[in-house]
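Novice: quick one: sequence and predicted model below, then my questions.
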Amino acid sequence: MPARILIVEDEMLVAMDLECVLEELGHEPVGIVPDLETAEEYFDVPLDLALVDLNLRDGCTGPQIGERLGAKGVTVLFITANPGMLSGNVAGAIGVITKPTDEKIVKAAVNYALGRRSGADVSPPASMRLFA
């Protein structure tokens, strides 16, 4: 069964690349969110995973979006050029991968996040920083 995945990214080319990677993996990208206001439309939508950038069109609202989604039971994976801005753990967040990244790393991180969500015994990609 395909996972329902939200992309939280304001750079449209990056978001479209992520969307293609998710489709190649057989998952269902449910939307692309460039800011907090748009994200609010998805807070009550059933989701399995959210790929979340930190700095969006309206500033550094990614952590807030991740926290709200995590509180709803969504697994959150941050993808950002500024991983140092994540000082502590965000509820529901599994970890972070650093941009620029490539398709192989994104696929491995998504597979890990969804595997953990389903309780499978999976190993994280070496390039992913895990949260406790």
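Specialist: Now that the structure is in, tell me what you want to look at. All values derive from a computational prediction rather than experimental measurement.
Novice: please make it C-alpha for all contacts and neighbour counts, starting now.
Specialist: Fine.
Novice: quick one: the helices in this structure, in order.
Specialist: With DSSP state H applied, the chain shows helices at 12-24, 36-39, 62-71, 103-117, listed in chain order.
Novice: list the buried residues of the last one.
Specialist: Of the residues in helix 103-117, those buried by neighbour count under the rule 16 or more other C-alpha atoms under 10 Å are 105, 106, 107, 108, 109, 110, 111, 112, 113, 114, 116.
Novice: got the contact list for that helix?
Specialist: Outside of helix 103-117, the residues that reach it under the criterion C-alpha atoms under 8 Å, 6 or more residues apart in numbering are 3, 18, 21-22, 25, 48-49, 75, 77, 94, 97, 121-125, 127-128.
Novice: how does it look with 10 Å?
Specialist: Where contact means C-alpha atoms under 10 Å, 6 or more residues apart in numbering, the residues beyond helix 103-117 that reach it are 3, 5, 17-18, 20-22, 24-25, 48-51, 73-77, 79, 93-98, 118-128.
Novice: mind listing the residues bridging to the one residue sitting closest to the centre of the chain?
Specialist: Centroid check for the chain by C-alpha atoms, centre = their mean gives residue 51 as the closest residue, at 1.5 Å. Residues in a beta bridge with residue 51, per DSSP bridges, are residue 7, residue 77.
Novice: right, and it touches residue 14 too?
Specialist: No - with contact defined as C-alpha atoms under 10 Å, residue 51 and residue 14 do not form a contacting pair (11.5 Å).
Novice: which residues are common contacts for the two?
Specialist: Residues touching both residue 51 and residue 14 comprise residue 7, with contact defined as C-alpha under 10 Å, 6+ apart.
Novice: quick one on the thing from earlier: ok, which of the helices of the chain comes nearest residue 89?
Specialist: Among the helices of the chain, the nearest to residue 89 by C-alpha to C-alpha is helix 62-71 (9.4 Å).
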